[in-house]
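>>> could you work out the structure for the sequence below:
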Amino acid sequence: MLKHRIMLTAAIVALTLLVSCIDRENKQGRVTLTFWHSFVSSTLPALDDLISRFESEYPAIHIQAQYVPTGDALSQKLITAIQSRTAPDISWIHSDFIQQLVEADAIHPVRTFIEGPEGMTPADLEDIFPALLRAGEWRGTLYALPMEATSLALLYNRDLFRQAGLDPDHPPADWNELYEYALKMTVDRDNDGKTDQYGFYVPVFSASGPLSIWMVLQWTPFLWQAGGEFINRDQTRILFNSEAGVQALTLWKRLYDAMDFRTFSMAHDLAFFSRHLAMVMDGPWNLPRYRQLSGVDWAVAPLPTGPVKQATYLAGEELAIFKQSKHAQEAWIFVKWILQPEQQAFFSIRSGYLPVRRSVLELDSYRDHLAVDAPLRVFVEQMKHGQARETIDYNRIAINQTIAEAVEKCLAGGMEPKQALDEAAAKANRLLQP
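Numbering: from 1, shown residues only. Take a look at the predicted model:
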């Protein structure tokens with residue numbers, strides 16, 4: 001009994017202290033906002049600096065940033081949190097998640113804040129790249145705003161170009177050169193019958209694994225470069241199995257087979273760092289990691305042009321405000337602040353991510369930085385060729401899965417490109433309706 005009394009007394013004291021702390025914080029007027037994100041480790045210092053800047057400007061608001069693994073893990077954690085009523089105030093989400101969150105009545109339409117106190121002007125909205133703004137919409141309603149922009153470019157090892165007799169100032173300009181260069185830089189260094197150096201990283205992952213969406217995102221620009229699209233405008237028919245889709249998947253299959261890429265077993269960044277890989281597609285968020293490389297002469301180039309045009313994707317992680325938040329207006333202040341051109345420029349320079357507003361590109365400080373930061377400059381200049389993935393209102397995640405399955409079946413399973421894409425398209429067409 002004495003033990004139970006002691007435990008009960010301790011619990012009461014702890015609860016009293018907790019309530020006292022909460023009351024003291026409320027009296028001081030400080031609000032804590034929980035912010036979930038999936039920024040990679042190399043970007044965290046930039047995020048911490050950004051939050052520190054915000055809190056110094058808004059001392060009454062504290063941002064409690066919490067890392068959550070990206071992809072399916074983030075989606076599942078959000079769903080669980082909504083059901084248990086422990087959702088964050090703000091979360092970093094992929095546009096593919098918006099359907100689920102809206103149908104769960106979990107997030108606020110952004111117009112609620114744009115047209116309210118501390119709102120935004122039409123000019124502010126027009127300054128955001130249209131592709132990024134559309135990504136935050138679902139069925140004509142805006143539910144999220146982009147925090148940063150991402151793209152895809154080609155990183156290459158200039159030393160390995162020289163060793164292969166290639167001009168390091170002339171990265172592959174088109175698909176033919178990409179194939180030619182990749183084969184020239186695929187080498188068995190010690191003549192033991194095993195490849196030691198691969199010319200190009202073909203991003204093939206398990207369709208059922210967490211990286212399947214990354215594979216789809218890297219294949220998408222090749223579809224566009226060949227003149228293809230994912231879906232028609234009224235969302236009644238899948239188009240990725242067109243001749244353009246077959247061309248794009250055939251290129252990947254040719255590269256995969258010619259380099260015997262099935263024997264490759266390293267992570268793309270580690271292989272590039274250790275000189276086992278000459279060319280790799282990657283995003284600007286990894287620039288801080290590449291800048292830490294010593295003894296490697298590397299550079300960034302635009303993605304090679306396809307048979308029809310030059311293209312890359314332009315996307316961005318979106319910020320959504322959750323209806324369970326008790327401080328939605330303060331959450332909006334944070335979201336709106338991040339979108340200011342000065343904050344966008346600061347975060348881009350520190351993190352490698354791209355800005356979401358066109359006016360950032362006109363800031364003298366940002367121009368001065370790009371003049372001395374060639375890798376980031378390539379990503380920024382390539383934004384004019386950036387495209388947003390076509391809108392698919394229903395079952396976007398499941399449709400992505402069908403594409404991932406087609407790529408895996410074709411490259412790892414040996415199925416012909418057209419057959420793999422036709423099977424995927426038939427399955428995806430059945431998923432188009434709610």
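>>> do you have the strands of the chain handy? List them.
31-37, 61-67, 90-93, 137-138, 141-142, 145-146, 153-157, 279-282, 298-301, 312-313, 318-321, 386-387 (DSSP state E).
>>> save the ones you listed as a markdown table, and put in distance to residue 258 too.
C-beta coordinates here come from the backbone N, C-alpha and C atoms, glycine included. Output for the strands of the chain, formatted as a markdown table (distance: least, C-beta to C-beta, whole Å):
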| stretch | distance to residue 258 |
| --- | --- |
| strand 31-37 | 39 |
| strand 61-67 | 39 |
| strand 90-93 | 39 |
| strand 137-138 | 41 |
| strand 141-142 | 45 |
| strand 145-146 | 38 |
| strand 153-157 | 18 |
| strand 279-282 | 14 |
| strand 298-301 | 21 |
| strand 312-313 | 24 |
| strand 318-321 | 39 |
| strand 386-387 | 28 |
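>>> columns distance to residue 380 and mean neighbour count on top of the ones you listed, output as CSV?
Formatted as CSV, the strands of the chain follow (distance: least, C-beta to C-beta, whole Å; neighbours: other C-beta atoms under 10 Å):
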stretch, distance to residue 380, mean neighbour count
strand 31-37, 23, 19
strand 61-67, 26, 16
strand 90-93, 22, 26
strand 137-138, 25, 20
strand 141-142, 25, 14
strand 145-146, 15, 26
strand 153-157, 10, 24
strand 279-282, 15, 21
strand 298-301, 11, 18
strand 312-313, 12, 22
strand 318-321, 20, 26
strand 386-387, 10, 18
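>>> among those, which comes closest to residue 234?
Of all the strands of the chain, strand 137-138 sits nearest to residue 234, with 16.2 Å by C-beta to C-beta.
>>> contacts for the closest one?
Strand 137-138 is contacted by residues 98, 99, 102, 143, 391, 393 when judged by C-beta atoms under 8 Å, 6 or more residues apart in numbering.
>>> pull the contacting residues for the last one.
Applying C-beta under 8 Å, 6+ apart, we find residue 393 in contact with 99, 138, 139, 235, 434.
>>> just the buried members of the residues you listed?
99, 138 (16 or more other C-beta atoms under 10 Å).
>>> for residue 281, name its beta-bridge partners.
Beta-bridge pairing for residue 281 (DSSP bridges): residue 154.
>>> now it: how far from residue 155?
8 Å (C-beta to C-beta, to the nearest Å).
>>> and what of residue 226?
22 Å.
>>> and residue 391, by the same measure?
30 Å.
>>> and the closest residue in space to residue 333 that isn't next to it in sequence, how far is that from residue 306?
Distances taken as C-beta to C-beta, 6 or more residues apart in numbering place residue 118 nearest to residue 333, at 5.9 Å, with adjacent residues excluded. Counting by C-beta to C-beta, the gap from residue 118 to residue 306 is 44 Å.
>>> isn't residue 129 right up against residue 357?
Yes. Counting by C-beta atoms under 8 Å, residue 357 is a contact partner of residue 129 at 7.4 Å.
>>> so which of these two has more stuff around it?
Of the pair residue 129 and residue 357, residue 357 is the one with more neighbours under other C-beta atoms under 10 Å, namely 23 against 20.
>>> just grab the bridge partners of that one for me.
Note on residue 357: beta-bridge partners residue 128, judged by DSSP bridges.
>>> contact partners for it?
Contacts of residue 357 (C-beta under 8 Å, 6+ apart): 127, 128, 129, 339, 341, 344.
>>> next one, pLDDT for it please.
For residue 357, the model assigns a pLDDT of 97.
>>> could you list the domains of this structure?
2-146+316-387, 153-313+390-430 (automatic domain parsing).
>>> find the nearest non-adjacent residue to residue 32, please.
residue 62 (4.6 Å).
>>> contacts only, for the one you found.
30, 31, 32, 33, 55.
>>> state the distance from it to residue 346.
Taken as C-beta to C-beta, the span from residue 62 to residue 346 is 20 Å.
>>> verify the stated contact: residue 370 with residue 383.
No. In this structure residue 370 lies outside contact range of residue 383 using C-beta under 8 Å: 11.8 Å.
>>> now do residue 107 against residue 78, distance only.
Plainly put, residue 107 is 10 Å away from residue 78 if you go by C-beta to C-beta.
>>> what touches both of the two?
By C-beta under 8 Å, 6+ apart, the residues touching both residue 107 and residue 78 are residue 101.
>>> residue ranges in the stretch 1-150 of the chain under the pLDDT threshold?
Filtered on pLDDT under 70, the stretch 1-150 of the chain yields the residue ranges 1-28.
>>> single out the most deeply packed of the domains of the chain.
Scoring those by mean neighbour count under mean count of other C-beta atoms under 10 Å gives domain 153-313+390-430 as the most buried, with a mean of 18.
>>> pLDDT (mean, whole number) over it?
Mean pLDDT, computed over domain 153-313+390-430, is 95.
>>> please apply the same query to stretch 368-385.
pLDDT averaged over stretch 368-385 gives 96.
>>> show the end-to-end separation of that stretch, please.
22 Å (C-alpha to C-alpha, to the nearest Å).
>>> closest one to residue 90 out of the contacts of residue 393, please.
Out of the contacts of residue 393, the member with the shortest distance to residue 90 (by C-beta to C-beta) is residue 138, at 17.8 Å.
>>> who is the closest one paired with across the strands?
Applying DSSP bridges to residue 138 yields these beta-bridge partners: residue 141.
>>> and residue 34, by the same measure?
Where residue 34 sits in a bridge, its partners, by DSSP bridges, are residue 64.
>>> would you mind measuring from it to residue 86?
For residue 34, the distance to residue 86 equals 9 Å [C-beta to C-beta].
>>> repeat that for residue 142.
As judged by C-beta to C-beta, residue 142 and residue 86 stand 26 Å apart.
>>> residue 267 now?
From residue 267 to residue 86 the distance is 33 Å (C-beta to C-beta).
>>> surely residue 91 and residue 36 touch.
Yes. The pair residue 91 / residue 36 is scored as a contact, 4.2 Å apart, by C-beta under 8 Å.
>>> next, show the common contact partners of these two.
In contact with both residue 91 and residue 36: 74, 78, using C-beta under 8 Å, 6+ apart.
>>> can you pull the contacts of residue 344?
Contact partners of residue 344, counting by C-beta under 8 Å, 6+ apart, are 148, 338, 355, 356, 357, 360.
>>> now the closest residue in space to it that isn't next to it in sequence. Its backbone dihedrals?
With sequence-adjacent residues excluded and distances taken as C-beta to C-beta, 6+ apart, residue 344 is closest to residue 355, at 4.1 Å. The phi/psi pair for residue 355 (degrees, to the nearest 10) reads phi -70, psi 160.
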